[in-house]
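[1] sequence plus predicted model, see below.
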Amino acid sequence: MEVKLLKATEDPEEVICTGARNDYMSDFVGDQSFEEIMESVEGDDIEEKKATLIGHLLSHGHFGPFEHPKAVFAVKGISRSCMAQITRHRHVSFDVQSMRYVSFDDIDPDEVGDGEMIVMPPSINDPDWIGRNQKGGAVDEETVEKRREVFKDSVTESVESYQELLDLGVPPEDARFVLPIGTKVNMVMSMNPRMLMHIADMRAAADAQWEIREMTETVLDFAEEWCPLTFKYYNENMRNRKNRLAP
Ligand SMILES: Cc1cc2nc3c(=O)[nH]c(=O)nc-3n(C[C@H](O)[C@H](O)[C@H](O)COP(=O)(O)OP(=O)(O)OC[C@H]3O[C@@H](n4cnc5c(N)ncnc54)[C@H](O)[C@@H]3O)c2cc1C
């Protein structure tokens, strides 16, 4: 998997603060400099004032201003399973690579079991991997070898059948029905910091699946650089709290 930040709103925390200050000012924020907008907020300089206001907003559950900035990410090579999970989040915008228009007719079926076209879950190769709700513990090398064999045979057969159906004139949109849920897909997604915090709550948590957790952790790393005050507060005060709804 690869995650890249494509574009993001410049000065996102200035945008958040301006939106929030608008709610409590008689003057029009559109006519004022950012320094004037922040004048009455506690702090010795503008960074301190931003930190004060952002902490205040998050601690009071005033999340609306965190919807104004937006970040756009390109994600390469996640499974269709992971894609199904992330696209459940209704306030994220997506573009998903089409299997109607992109056919995988040039892939060597012998290589798909090595992660070329299908995501290989770590539990196939890692004898110590313990899944959620899984009974039992580590397995021996012989079992791992068998797992690899079953996985590889199964995905190779799927891809061979897919390519055979294409050769028989079946359109890619129908031939894809035989492909596994681990088939890789590329995606572009955009979201605001409020949604990013919500996704982090749900998808970076210990009970989320490893793949979406990995993707969310990478997105969070970008977010910490993009909105440093917001995600510092989030990490220190909000992450891992109980009984959250949104974000
Ligand atoms: C560990 C884990 C296991 C899961 N297992 C399953 C499963 O087995 N089956 C399954 O179907 N799903 C499963 N899900 C998905 C989960 O139920 C949610 O559908 C998904 O995470 C989207 O999150 P969300 O409901 O917060 O909605 P989002 O779309 O992310 O919306 C964010 C917030 O906006 C508000 N909101 C959005 N739309 C509405 C609305 N229509 N009405 C009221 N409020 C709204 C809610 O407060 C919501 O929390 C799982 C999720 C996790 C993290």
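    Great, that's in hand.

[2] helices and strands around the helix or strand containing Val185, which ones?
    Counting by DSSP states H and E, the element that carries Val185 is strand 184-191. Strand 184-191 is packed against strand 71-79, helix 80-86, strand 93-96, with contacts defined by 3 or more Cβ pairs under 8 Å, 6 or more residues apart in numbering; DSSP states H and E. (C-beta placed from N, C-alpha, C; glycine too.)

[3] mean neighbour count for those - can I get that in a markdown table?
    Below are these laid out as a markdown table (neighbours: other Cβ atoms under 10 Å):
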| stretch | mean neighbour count |
| --- | --- |
| strand 71-79 | 19 |
| helix 80-86 | 20 |
| strand 93-96 | 13 |
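
[4] which stretch among these comes nearest Asp153?
    Nearest to Asp153, of all these, is strand 71-79, at 18.5 Å by Cβ to Cβ.

[5] list the neighbouring strands of the strand holding Val185 plus their orientation.
    According to DSSP bridges, strand 184-191 forms sheet pairs with strand 71-79 (antiparallel), strand 93-96 (antiparallel).

[6] quick one: average pLDDT of the first one?
    Put plainly, it is strand 71-79. Regarding strand 71-79, the rounded mean pLDDT is 97.

[7] check the offset of it from the chain's centre.
    7 Å (Cα atoms, centre = their mean, to the nearest Å).

[8] check what contacts it and list those residues.
    Under the criterion Cβ atoms under 8 Å, 6 or more residues apart in numbering, residues 1-9, 86, 118-119, 181-193, 196, 211, 215, 219, 222-223, 226 lie in contact with strand 71-79.

[9] among the helices and strands of the chain, which has the poorest mean pLDDT?
    helix 122-125 (a mean of 90; mean pLDDT, DSSP states H and E).

[10] and that helix, what does it pack against?
    Helix 122-125 packs on helix 141-167, going by 3+ Cβ pairs under 8 Å, 6+ apart.

[11] how far out from the middle of the chain is the helix it packs on?
    On Cα atoms, centre = their mean, the centre of helix 141-167 falls 28 Å from the chain's centre.

[12] residues of that helix that come out buried?
    Residues of helix 141-167 classed as buried by neighbour count (16 or more other Cβ atoms under 10 Å): Val144, Arg147, Phe151, Lys152, Val155, Thr156, Ser158, Val159, Tyr162, Gln163, Leu165, Leu166.

[13] before we move on, what about stretch 165-177?
    For stretch 165-177, the buried set under the neighbour-count rule, 16+ other Cβ under 10 Å, comprises Leu165, Leu166, Pro172, Ala175, Arg176.

[14] using a markdown table, lay out those residues together with distance to Gln97 and pLDDT.
    Below are these laid out as a markdown table (distance: Cβ to Cβ, whole Å; pLDDT from 0 to 100):
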| residue | distance to Gln97 | pLDDT |
| --- | --- | --- |
| Leu165 | 19 | 95 |
| Leu166 | 17 | 93 |
| Pro172 | 12 | 91 |
| Ala175 | 16 | 94 |
| Arg176 | 12 | 93 |
